[in-house]
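Novice: Pasting the sequence and the predicted model now:
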Amino acid sequence: MENFTAYNPTVLHFGKNVIDKLPAHLAGTGQNALLLTGKGSVKKYGYYDQVIEKLKEAGKNIVDFSGIKPNPVIDDAEKAVELARNRHIDFIIALGGGSVIDTAKMVNMAFANNLPVWDIMKRRVEPVKKVPLFVILTLAATGTEMNGAAVLQNHQTQEKIGYFSPLMYPDVSFLNPAYTFTVPKNQTINGIVDLVAHSLEAFFSGGSAPLPDRFVAANIIETFDYAPALLNDLTNYDLRARMLWSATVAENGTTMHGRTTSGDWGTHALAHHISLLWDTPHGQTLSVLFPAWMKANLNKISSRLKQLGKLLTGNSQIKPEDTIRIFEDFFTRIGAPVRFEQLGLSKEDKEKLLNLWLKNKPTGTNVTLDENDYQNIISFL
């Protein structure tokens, strides 16, 4: 096991009515809140009004920025930064799913340090300070509510990339499973795929970390257990709670400690290009890409696939191919796509994807990828 530093400064409140704790956390944060939201569901279902009520209870002024889209874009972040500067905001509240929270994180870095968002993400400049960030989560998927990472896409440069900084951990996150009752079935499926993919990214990191390996397997087994029931009962509080915490644990550091890298992320890097080109939901890109990535890299990761299969099934004789089949079958069973054409894309689109991979050269931190690997992965899509 490698040396590591365990660090997670986010205070996370989980359960019913946790939003009631928000006013107490706002003491000493200043007067002006920038409230970031998505396309309107938080207003439709009443979550927005509940947050506004708590902000008013705390005596805060509210500056609204709404309309952040899934697969968040740099343009929205830059517009929100400009609004924050003009309105002299003191702290930021993100109400929504991963796209809203990731945008809020980058707005925070750019606003607090007076720097361009994309320059930060490309690491041309380095932020040194932040303003307080509070998160009210409405979608279980990315785990961004308890980590220091964010992903944005830039259509001008044809890139979708991630950025990490210890400054980007939310100060406080509020997770009420009831806030996810209104997430439709297709988005719930996407979130399930995303959290499983995050667990897999951790497992395929470099180095030996036996206990985190078991954490990964336990989280995947937990997901296999509740997912079918949840998809048949979307307003079941206990099932929603299990998914919400499972998604958080997949990306809050628990599965990463002791590895040589904090996740491989090669599959995510590849999948981001599908979202960039066709605005495909992130979860759908991962359910298609992960089995293909496993098959294409079979000679590189066969021992890890055997170990993962053993942890999932208890069968020490399991073959690597059988482990891959476990995930392909699970994704299919819950209604996630596992083939490129299931995304509504064509052979010609595969060529577009390949060309963008060749241009941007996505790779993993542990399982490195080159042009031959891209061709091989394409053949399994």
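Specialist: Cool, got the structure.
Novice: quick one: low-confidence parts of the stretch 251-381 of the chain?
Specialist: Along the stretch 251-381 of the chain, no part satisfies pLDDT under 70.
Novice: tell me the mean pLDDT for the lengthiest helix in the chain?
Specialist: Longest helix in the chain, counting residues (DSSP state H): helix 210-231. Helix 210-231 shows a mean pLDDT of 98 in the predicted model.
Novice: Next secondary structure element downstream of that helix?
Specialist: Note on helix 210-231: by DSSP states H and E, the next helix or strand toward the C-terminus is helix 237-249.
Novice: now that following helix and helix 210-231, what's the angle there?
Specialist: Angle, helix 237-249 to helix 210-231, by axes from the mean of the first three to the mean of the last three CA atoms, to 10 degrees: 140 degrees.
Novice: Run through the neighbouring helices and strands of helix 237-249.
Specialist: Contacts defined by 3 or more CB pairs under 8 Å, 6 or more residues apart in numbering; DSSP states H and E place helix 237-249 against strand 11-14, strand 172-175, helix 185-203, helix 210-231. Every residue, glycine included, has its C-beta placed from N, CA and C.
Novice: how's the protein carved up into domains?
Specialist: Under the assignment automatic domain parsing, the domains of the chain span 11-180, 185-380.
Novice: helix, strand or coil for the spatially closest residue to residue 134 that is not a sequence neighbour?
Specialist: Distances taken as CB to CB, 6 or more residues apart in numbering place residue 93 nearest to residue 134, at 4.8 Å, with adjacent residues excluded. What DSSP: H, G, I helix; E, B strand; the rest coil gives for residue 93 is strand.
Novice: Contacts only, for residue 66.
Specialist: The contact partners of residue 66, taken as CB atoms under 8 Å, 6 or more residues apart in numbering, are 36-40.
Novice: mind running it again at 6 Å?
Specialist: Contact partners of residue 66, counting by CB atoms under 6 Å, 6 or more residues apart in numbering, are residue 37.
Novice: Sort out which residues of stretch 271-286 are buried, please.
Specialist: Buried residues in stretch 271-286, counted by 16 or more other CB atoms under 10 Å: 271-277, 280-286.
Novice: what two of those are the furthest from one another?
Specialist: Largest separation among the buried residues of stretch 271-286 by CB to CB: 277 and 283, giving 16.4 Å.
Novice: which regions of the stretch 101-250 of the chain lie under the pLDDT threshold?
Specialist: For the stretch 101-250 of the chain, no range has pLDDT under 70.
Novice: For the closest residue in space to residue 187 that isn't next to it in sequence, grab the count of nearby residues.
Specialist: Spatial nearest neighbour of residue 187, chain neighbours left out: residue 139 (6.9 Å); criterion: CB to CB, 6+ apart. The tally of other residues near residue 139 (other CB atoms under 10 Å) stands at 26.
Novice: And the closest residue to residue 190 other than its chain neighbours, how far from residue 71?
Specialist: Spatial nearest neighbour of residue 190, excluding adjacent residues (CB to CB, 6+ apart): residue 283 at 2.7 Å. Distance of residue 283 to residue 71, given as CB to CB, to the nearest Å: 11 Å.
Novice: Ok, which of the domains of the chain comes nearest residue 5?
Specialist: Nearest of those to residue 5, taken as CB to CB: domain 185-380 at 8.7 Å.
Novice: next one: that closest one to chain centre, how far?
Specialist: Taking CA atoms, centre = their mean, to the nearest Å, one finds the center of domain 185-380 at 12 Å from the center of the full chain.
Novice: So for this protein, the centremost residue is which one?
Specialist: Centrality entry for the chain: nearest residue to the mean C-alpha point is residue 142, 2.5 Å, by CA atoms, centre = their mean.
Novice: Assign that one to helix, strand or coil.
Specialist: Classified using three-state DSSP, residue 142 is coil.
Novice: Contact partners for it?
Specialist: Taking CB under 6 Å, 6+ apart, we find residue 142 in contact with residue 98.
Novice: one step back: the residue nearest to residue 190 contacts residue 193, correct?
Specialist: Yes. Using CB atoms under 6 Å, residue 283 is in contact with residue 193, at 4.0 Å.
Novice: tell me the strands in the stretch 1-150 of the chain, going along the chain?
Specialist: Ranges of strands within the stretch 1-150 of the chain are 11-14, 32-36, 61-65, 91-96, 133-137, 149-154, based on DSSP state E, counting those that start in this stretch.
Novice: Mind checking those for the one nearest to residue 309?
Specialist: Per CB to CB, nearest to residue 309 of the strands of the stretch 1-150 of the chain: strand 149-154, 28.3 Å.
Novice: Check which helices and strands the closest one sits against.
Specialist: Contacts defined by 3 or more CB pairs under 6 Å, 6 or more residues apart in numbering; DSSP states H and E place strand 149-154 against helix 98-113, strand 159-164.
Novice: same thing but 8 Å
Specialist: The helices and strands touching strand 149-154, judged by 3+ CB pairs under 8 Å, 6+ apart, are helix 74-87, helix 98-113, helix 117-121, strand 159-164, helix 266-278.
Novice: Residue 190 is in contact with the residue nearest to residue 187, correct?
Specialist: No. Judged on CB atoms under 8 Å, residue 139 makes no contact with residue 190 at a distance of 9.1 Å.
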